[in-house]
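Chemist: sequence plus the predicted model coming up.
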Amino acid sequence: MKFADFQNILSPERLNRYVAACDNDTRKAMSLYRLNLHLSQEVFTLLSCFEVALRNAIDRELTTRFGENWLRDSVLAGGIFDISSCRDSARIITKAFNRLNRTGEYTHHKLLAEMEFGVWKYMFANPQYRATGQILLRIFPNKPRSSAEVQYNNAYMFNELDGINILRNRIAHHEPICFARRQPQIGTSYILNAYQNLHKLFMWMGIDSHSLLYGLDHVQQVCNRINAI
């Protein structure tokens, strides 16, 4: 495709950054745009696997403590999230439950699947962490022990998950991830740091991420192709 046609479809505003990063070489800019899409697909695959693993680990802990319909029950009168400090979580859960209930489709697992990543992230915010019995750090059995320098507590895990949530949202909203942070140059250090962090969190959960993601993980290879442009 000619660059003029490519630009007409995707908009000059979207492509300007790619063109500038490629020193006005429009052919390279089109290649970079396509590689950014490829990288986004690769990273989103890993994020999806992590989200499911995190969700299931949280579900196992809270099912053991509160019963097999704990998520639905959490927003009923007197439920663990029926408190003002957890109202945002309760609102999201209630809306999803009501939708499933109206159509007769409610099951616990369907309700779990309706939850956005932010719901699981906020399980480590102080109000939700206290409401669920302060037990959810158990899903990270291999995390380091806290020290005077670093407290690997729920607030630490919230911040780790917030970084993943930000990356997930960037990809979902079609933002480029092939550039240096806040710089007009090609750069993959942000993604590679996030990538290493994902593998670290899998390890903290006791999951062999390299085996889990066998045949799916090509992030490093795509980053190498981007850096070679």
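Modeler: Sure, I can see it. Predicted model, so just to flag it, every value in this text is computed and none were measured.

Chemist: centre of the chain to the helix of greatest length in the chain, how far?
Modeler: For the chain, the helix with the greatest residue count under DSSP state H is helix 26-66. Relative to its chain's centre, helix 26-66 lies at 6 Å (C-alpha atoms, centre = their mean, to the nearest Å).

Chemist: count of residues packed around Arg72?
Modeler: Around Arg72 there are 20 other residues, counting by other C-beta atoms under 10 Å. In short, each C-beta sits where N, CA and C put it, glycine included.

Chemist: list the contacts for it?
Modeler: Going by C-beta atoms under 8 Å, 6 or more residues apart in numbering, Arg72 touches 93, 97, 106, 108, 111.

Chemist: possible to save the residues you listed as a markdown table with pLDDT?
Modeler: Output for the contacts of Arg72, formatted as a markdown table (pLDDT from 0 to 100):
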| residue | pLDDT |
| --- | --- |
| Ile93 | 98 |
| Phe97 | 97 |
| Tyr106 | 97 |
| His108 | 98 |
| Leu111 | 98 |
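
Chemist: so which of those is the closest to Ala125?
Modeler: Ile93 (14.6 Å; C-beta to C-beta).

Chemist: element containing that closest one, please.
Modeler: If you go by DSSP states H and E, Ile93 is part of helix 87-102.

Chemist: for that helix, packing partners?
Modeler: When contacts are defined as 3 or more C-beta pairs under 8 Å, 6 or more residues apart in numbering; DSSP states H and E, helix 87-102 sits against helix 70-73, helix 108-114, helix 117-121.
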